[in-house]
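In: show me the folded form of this:
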Amino acid sequence: MCILASIYKEGCILLTQKEYKDWIEYIRQNHFPLPAIVVEDINNWRNRAVLARALARAKKYDLAIELFKSIIDVDIYIEEKDCFTLSEVEDKVWCLQELALCLWHTEGKRCEALKYLKEALTLLTMYPSQFNFIDKCKVWCEIQDFIFFTSKRKERRRKNTSQLSNF
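Out: Predicted coordinates for the structure are as follows:
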């Protein structure tokens, strides 16, 4: 039974309910506790996001990327329920940031990472008020830093290559 296949069509991973539970158990046994209430339901995008973040911290980037990608097309509620919980917009912005960083660190895919960061910025600006837990200004700065750092790195690489060719 491929549950995520219907959720994530582009490059679908075949993750069964049992495999999903096994990864939860792997994180619990080897890294840190994950309360069942925040990861148990594979069909809940926020549960998959929590597991994806945990897998990224455990350096299981490929699976983390696939789980993050499974939430890209999920519709979210713009209206927050209360000021004591992470809003869906806030959660999705966080996921898109994490996805971009995972793609950059593992595969060096700057353009794809920028695509997800641009989507995060769109959500950030569309949300009318400050987030409850994440500082919008900090998110904006982190995205700008990513753009600056990755473009400078590309420029440095080009400069180093041209200097090496002079020898």
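In: what does the model give residue 80 for pLDDT?
Out: pLDDT recorded at residue 80 is 65.
In: cool, and residue 12?
Out: Per the predicted model, pLDDT is 55 at residue 12.
In: same check on residue 88?
Out: 87.
In: can you give me the neighbour number for it?
Out: The tally of other residues near residue 88 (other Cβ atoms under 10 Å) stands at 20. Every C-beta, even on glycine, is put in place using the N, C-alpha and C of the backbone.
In: surely it touches residue 77?
Out: Yes: between residue 88 and residue 77 there is a contact under Cβ atoms under 8 Å: 5.1 Å.
In: what about the closest residue to residue 30 other than its chain neighbours, how many residues close to it?
Out: Once flanking residues are discounted, residue 30 sits nearest to residue 58: 7.0 Å by Cβ to Cβ, 6 or more residues apart in numbering. Neighbour count for residue 58, taken as other Cβ under 10 Å: 16.
In: again with residue 142
Out: For residue 142, using other Cβ under 10 Å, the count is 16.
In: kindly report the same for residue 117.
Out: Neighbouring residues of residue 117 were enumerated by other Cβ under 10 Å; the total is 24.
In: so after the lowest-mean-pLDDT helix or strand in the chain, what's the next helix or strand?
Out: The weakest-scoring helix or strand in the chain, judged by mean pLDDT, DSSP states H and E, is helix 3-7 (a mean of 44). With elements assigned by DSSP states H and E, the helix or strand that comes after helix 3-7 is helix 17-30.
In: put the alpha carbons of that next one into CSV.
Out: Extracted as CSV, the C-alpha positions of helix 17-30 are listed here (Å, rounded to 0.1, in the frame of the first residue of the first chain):
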residue,chain,number,x,y,z
GLN,A,17,2.4,2.6,6.8
LYS,A,18,4.8,0.1,8.3
GLU,A,19,7.9,1.8,6.8
TYR,A,20,6.6,5.1,8.1
LYS,A,21,6.2,3.6,11.6
ASP,A,22,9.7,2.0,11.4
TRP,A,23,11.3,5.4,10.7
ILE,A,24,9.4,6.9,13.6
GLU,A,25,10.8,4.1,15.8
TYR,A,26,14.3,4.6,14.3
ILE,A,27,14.3,8.2,15.4
ARG,A,28,12.9,7.3,18.8
GLN,A,29,15.5,4.6,19.4
ASN,A,30,18.6,6.4,18.1
